[in-house]
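Undergrad: Sequence and predicted structure are below.
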Amino acid sequence: MSVSDRHKETITLQSHILGSEARQENATGTLSWILSALSISAKMIAASVRRARLDDVLGEVGNENVQGEAQQKLDVIANDILLRILAAREGVAIVASEENEEPVIIGEEDDDQKYCILFDPLDGSSNLDVCGGVGTIFSIMRNRSGLSAKDSLLQPGFEQVAAGYILYGSSTIFTLTVGDGVDMFVLDPAIGAFMRVETNLKIPQSNKSYSLNEGNRLSFPEGYKNYLHWAQSNGYSARYAGAMVADVHRILLKGGVFMYPPTVKAPVGKLRLMYEANPMAMLVEQAGGKAMCDSQMPIQKVQPTDIHQRVPVIMGSTAEVDKVLKFLQ
């Protein structure tokens, strides 16, 4: 492809969103406004991440979030940015964050024409002190009228209308699905716009690579231990960045399997169903991969009982996930 042909195909995230909206017969434009708000938030958080050491916002705040985890200064900054930007969007009914115990009601609770947005504002924030990759994960669902804020949010993952993540690394990457495939955008700092670099992204169906925190290996269930012994005996490589966004991003592009098994310390898993597992599962499955909680239960079919519920996670290339599941059976 020539340079001129590439130039002709240049599409911004905003153009992509509007094009998707135009293809939907009953679209109102509300979802487009919310995705636009998320892209603005991503640029603001990216700027804060780049200047974190210069602005002295690395390290812990001194508080714990609702998960019992030490809050980083940038966790709070990213959370405030998302809450402030989303609150200004008319189509938002309820916002829920991993950092907040209770959901925040923005619009009318009984308006089923609006949306609920759940997010992890800064996944992997402990990586910030060493300039590692971090990210934002988001999930969008339709509001359910006649229910309380919490009950409206407690929908299984297959009810999501959109999901995505923003990776703040060597470049700022916005990966999105609205239920018709996965598209990827990179922020061009020269013009301040996200430019589309991949459309209808497909995860490679196999790759001899796995990603998990092997520091917990001794407390994994036997099935995971047996899988790791098999994988290491068959030439598999380990890749683990310490941030779900960075690890799943690599697997979307290269293939392999990402896992966060149950442990003695976290017997039901560590990752949050609503803020992390569901949106990432939607992305992986829209890219042709597979996302499971265990050998029988797809992540997106789990009926949540709490907005901060945790689950085990196994996701990635279909063939690689199936190999793990054989050992769990």
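TA: Alright, I've got the coordinates.

Undergrad: Averaged pLDDT, stretch 165-182. What do you get?
TA: Mean per-residue pLDDT for stretch 165-182: 96.

Undergrad: scratch that, stretch 289-305
TA: Averaging pLDDT along stretch 289-305 gives 96.

Undergrad: Run the chain-centre distance for it.
TA: Offset of stretch 289-305 from its chain centre (CA atoms, centre = their mean, to the nearest Å): 15 Å.

Undergrad: For it, which outside residues touch it?
TA: Contacts with stretch 289-305, where a contact means CB atoms under 8 Å, 6 or more residues apart in numbering, come from 153-158, 160, 203, 251-252, 269, 273-274, 277-278, 280-282, 284-285, 311-318, 321-322, 325, 328-329. All C-beta spots, glycine's among them, are computed from the backbone N, C-alpha and C.

Undergrad: swap in stretch 124-132?
TA: For stretch 124-132, the surrounding residues in contact (CB under 8 Å, 6+ apart) are 49, 52, 58-59, 72, 74-75, 133-135, 241-246.

Undergrad: Stretch 177-187 now?
TA: With contacts defined as CB under 8 Å, 6+ apart, stretch 177-187 is touched by 12-13, 16, 20, 31, 42-43, 46, 160-164, 171-176, 193-201, 252, 282-283, 286-287.

Undergrad: if you set the cut-off to 6 Å instead, what comes out?
TA: For stretch 177-187, the external contacting residues (CB atoms under 6 Å, 6 or more residues apart in numbering) are 13, 20, 162-163, 171-176, 194-201, 282-283, 286-287.

Undergrad: mind showing which ranges of the protein have poor pLDDT?
TA: In the predicted model of the chain, residues 1-9, 22, 25, 27, 59-70, 107-113 satisfy pLDDT under 70.

Undergrad: Sort out for me which of the contacts of stretch 124-132 are in strands.
TA: Counting by DSSP state E, the contacts of stretch 124-132 place 72, 134-135 in strands.

Undergrad: so can I have a markdown table of those residues showing distance to residue 79 and neighbour count?
TA: Shown next, in a markdown table, are these (distance: CB to CB, whole Å; neighbours: other CB atoms under 10 Å):
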| residue | distance to residue 79 | neighbour count |
| --- | --- | --- |
| 72 | 10 | 24 |
| 134 | 13 | 29 |
| 135 | 14 | 30 |
